[in-house]
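Asker: Okay, predicted coordinates and the sequence, questions at the end:
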Amino acid sequence: MSDCFPLLVGCGCHRASPHPLAALHTTPRATNVTFQPHKVDRAERSAILGRHRGFRGCTLWLTGLSGAGKTSIAFEAERILVEMGIPVCGLDGDNVRHGLCKNLGFLKEDREENIRRVAEVAKLFADLGVVCLASFISPYASGRNEARAIHKAAKLPFFEVYVNTSLEVCEWRDTKNLYKKARAGEICGFTGVDGIYEEPRKPDLRIDAGGESIEASTRKLIAFLFQKGIVPFLPYPTAISEMPSTSISTIAISESEAKWVQILANGWLDPLRGFMTEQQYLQTIQHGAIFTPVLAAFKTPIAIRLDSEIEAGKPIALVFDKRIIAKIPLPEIFKSQDHSSFLLGGDIVPTSHAFSNPLLRAPNELRKQIAAVDQDSTAAIFLRSAIDNNQAVRIDEAREILREKGFGSTAIIVFVEDEAEFLRSEEVADPETTKVVLMHVETEDLLLRARLAKAVGARVLLSEQKFEGNLKVAPGLEDVELVDL
């Protein structure tokens, strides 16, 4: 979080002389720096490479006092962007002083060199198409301006983000007792106490983080990236303000289509972010896969059927039970393959009404619950009815089959279609080994089932159906193994 803490020199307070060979000296000179762990690992980063087309490289430079919330916001944004499939890297002030800048102290010239090095590294990340989140106090406007100039020279986007948290709030937080030490005279030149901080005059984004949660501040950062065209969609269902009623058309959708809205809005069918466009619809029918935004196997077309053709060019609100549950800002209206009806597609922006059924949970939430179950592997099965004694026996037999195949102990995720069946199944399922999931999917499409299973972390799909083909050659499902029962 910090990049300008002076040396801790016992109870005395004095400034160290500049090291004559600071540029070559490799002995750590910075103290009071604590390594900040990221919220995502290498496997999660590598899994999303190449998911979205287009160049998104840029640097967001988060500046503010120590304890303002810069790193917390940046690392939460990093986690969300990885979930969205956006390559991202968070650079933290404390972390770089454990390696790249470990030979720099906290004199003004050292701080300027620290910022210059980080700006050059951020430029390299941005040039590779990575969103770089740099969290540095960077107290001097000259240093921040130099970081911007480095990116401008490379023709790369650079956004200064001022995390504006008052000194009083930062000092109250003081998680590492640095303000306390500074007030006691143990640290000299501490930014905000006896060290200068030059507030940004015209930041690209200002986040008043002192009176709101990290989640709320992070939403503002993600919304800013959406406005700048860096991210292709918003992951938050309530982040879009209501559109004026005069600028939007409305259509009523069926109950089954409303269920698809919640499934799509919760991220179950990644990389789909809405109903299929005409191109995706035809690709699914003709090739069994969509090619954009990334190659992914699909067999079932997912689009809204219209009673008649409607006016194109306007955003469309999807209405169910007299409530707007989602909007399609850029709708596509096209004819079905047999020309018997018109279809509607496009990415959706869900409203809070899209999540009216609390039993239909998001896969991210379920993955955390499943991870808490102490098992070696995870498998999924789809049932047409609630778990009864016969099915419980079949599930136990499936566990034994998987054990013989080398999967070890297995947590079973049971997908059921009906709410009553879901509730009955939850009553009889062993919470230590079985997780029941409500999923309104009335289809025998094994590709779709495999995608739903993968969304909650299952790497095995148990099926009583014979599947014509091999999931190993299904784009996006290569790591899901089909096991016949």
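Answerer: That came through, no problem. Since the structure is predicted, the reported quantities are computational estimates derived from the model, not experimental observations.
Asker: Please make it C-alpha for all contacts and neighbour counts, starting now.
Answerer: Fine.
Asker: And stretch 426-441, what's buried?
Answerer: 426, 429, 433-441 (16 or more other Cα atoms under 10 Å).
Asker: Which of those sits closest to Glu332?
Answerer: Of all the buried residues of stretch 426-441, Glu332 sits closest to Val441, with 23.8 Å by Cα to Cα.
Asker: And the closest one, what's its pLDDT?
Answerer: At Val441 the predicted local confidence, pLDDT, stands at 73.
Asker: Including distance to Leu306, could the buried residues of stretch 426-441 go into a markdown table?
Answerer: Formatted as a markdown table, these follow (distance: Cα to Cα, whole Å):
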| residue | distance to Leu306 |
| --- | --- |
| Glu426 | 37 |
| Ala429 | 41 |
| Thr433 | 43 |
| Thr434 | 40 |
| Lys435 | 37 |
| Val436 | 34 |
| Val437 | 30 |
| Leu438 | 27 |
| Met439 | 24 |
| His440 | 21 |
| Val441 | 20 |
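Asker: immediately after the longest helix anywhere in the chain, which helix or strand?
Answerer: Across the chain, the helix with the greatest residue count (assigned by DSSP state H) is helix 108-127. Under the assignment DSSP states H and E, the closest C-terminal helix or strand after helix 108-127 is strand 131-135.
Asker: Partner strands of that following strand and their direction?
Answerer: Partners of strand 131-135 in the sheet, by DSSP bridges, are strand 58-63 (parallel), strand 88-92 (parallel).
Asker: Average pLDDT for the helix or strand that the longest one is followed by, rounded please.
Answerer: It refers to strand 58-63. Of the helices and strands lying after strand 58-63 in sequence (DSSP H and E), the nearest is helix 70-84. Helix 70-84 carries an average pLDDT of 91.
Asker: now swap in stretch 420-434 and tell me
Answerer: Mean pLDDT, computed over stretch 420-434, is 82.
Asker: ok, back up a step: which of the strands paired with strand 131-135 is buried the deepest?
Answerer: strand 58-63 (a mean of 28; mean count of other Cα atoms under 10 Å).
Asker: For that strand, give the mean pLDDT please.
Answerer: Strand 58-63 shows an average pLDDT of 98 in the prediction.
Asker: can you list contacts of it?
Answerer: If you take Cα atoms under 8 Å, 6 or more residues apart in numbering as the criterion, strand 58-63 is touched by 70, 74, 122-123, 126-127, 129-139, 156-163.
Asker: Return the distance of that strand from the chain's centre.
Answerer: In this view, strand 58-63 has its centroid 18 Å away from the chain centroid, taken as Cα atoms, centre = their mean, to the nearest Å.
Asker: just the angle between it and helix 108-127, please?
Answerer: Angle of strand 58-63 versus helix 108-127, following axes from the mean of the first three to the mean of the last three Cα atoms, to 10 degrees, is 150 degrees.
Asker: quick one, what contacts Lys327?
Answerer: Taking Cα under 8 Å, 6+ apart as the test, what Lys327 contacts is 315-318, 348-351.
Asker: I misspoke; the intended subject was Val169.
Answerer: Residues near Val169 by Cα under 8 Å, 6+ apart: 68, 210.
Asker: Low-confidence bits of the protein, can you list those?
Answerer: For the chain, the stretches with pLDDT under 70 are 1-40, 42-53, 235-247, 312, 442-443, 465-469.
Asker: Break it down into its domains, please.
Answerer: Each domain of the chain is listed here as a residue range: 43-228, 249-354, 363-484, per the TED database.
Asker: I'd like those domains laid out as a markdown table, including distance to Leu234.
Answerer: Converted to a markdown table, the domains of the chain look like this (distance: least, Cα to Cα, whole Å):
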| stretch | distance to Leu234 |
| --- | --- |
| domain 43-228 | 7 |
| domain 249-354 | 8 |
| domain 363-484 | 16 |
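Asker: How about the contacts made by the residue nearest in space to the middle of the chain?
Answerer: In the chain, the residue lying closest to the centroid (Cα atoms, centre = their mean) is Ile80, at 2.2 Å. Listed by Cα under 8 Å, 6+ apart, the contact set of Ile80 is empty.
Asker: how about the CA coordinates for stretch 323-335, as PDB?
Answerer: Listed next in PDB are the C-alpha coordinates belonging to stretch 323-335 (Å, rounded to 0.1, in the frame of the first residue of the first chain):
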ATOM      1  CA  ARG A 323     -41.700  -5.600 -13.900                       C
ATOM      2  CA  ILE A 324     -38.700  -4.800 -15.900                       C
ATOM      3  CA  ILE A 325     -36.200  -7.600 -15.200                       C
ATOM      4  CA  ALA A 326     -33.500  -6.700 -17.700                       C
ATOM      5  CA  LYS A 327     -32.600  -4.400 -20.600                       C
ATOM      6  CA  ILE A 328     -30.900  -5.000 -23.900                       C
ATOM      7  CA  PRO A 329     -29.000  -1.800 -24.800                       C
ATOM      8  CA  LEU A 330     -28.000  -3.000 -28.200                       C
ATOM      9  CA  PRO A 331     -30.600  -5.400 -29.400                       C
ATOM     10  CA  GLU A 332     -30.500  -7.500 -32.500                       C
ATOM     11  CA  ILE A 333     -33.800  -8.600 -34.200                       C
ATOM     12  CA  PHE A 334     -33.600 -11.400 -36.800                       C
ATOM     13  CA  LYS A 335     -35.500 -14.300 -38.300                       C
END
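Asker: okay, now Asp204: neighbour count?
Answerer: Neighbour count for Asp204, taken as other Cα atoms under 10 Å: 14.
Asker: could you check the distance from it over to Gln227?
Answerer: Separation of Asp204 from Gln227 (Cα to Cα, to the nearest Å): 12 Å.
Asker: swap in Asn95?
Answerer: Relative to Gln227, Asn95 is positioned 30 Å away (Cα to Cα).
Asker: higher neighbour count, those two?
Answerer: Per other Cα under 10 Å, whichever of Asn95 and Gln227 has more neighbours is Asn95, with 20 against 13.
Asker: which stretch of helix or strand covers that one?
Answerer: Taking DSSP H and E as the definition, Asn95 sits inside helix 93-96.
Asker: Nearest to Arg144, out of the strands paired with strand 131-135?
Answerer: Comparison of the strands paired with strand 131-135 against Arg144 by Cα to Cα identifies strand 58-63 as nearest, at 8.2 Å.
Asker: between the closest one and helix 70-84, how big is the angle?
Answerer: Put simply, strand 58-63 runs at 150 degrees to helix 70-84, going by the same axes, to 10 degrees.
Asker: can you dump the C-alpha coordinates of strand 58-63 into PDB?
Answerer: This file holds the C-alpha atoms of strand 58-63, laid out as PDB (Å, rounded to 0.1, in the frame of the first residue of the first chain):
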ATOM      1  CA  CYS A  58      -4.200   0.700 -19.800                       C
ATOM      2  CA  THR A  59      -3.000   1.800 -16.400                       C
ATOM      3  CA  LEU A  60      -5.100   3.100 -13.500                       C
ATOM      4  CA  TRP A  61      -2.900   4.900 -11.100                       C
ATOM      5  CA  LEU A  62      -4.500   4.900  -7.600                       C
ATOM      6  CA  THR A  63      -3.100   7.600  -5.400                       C
END
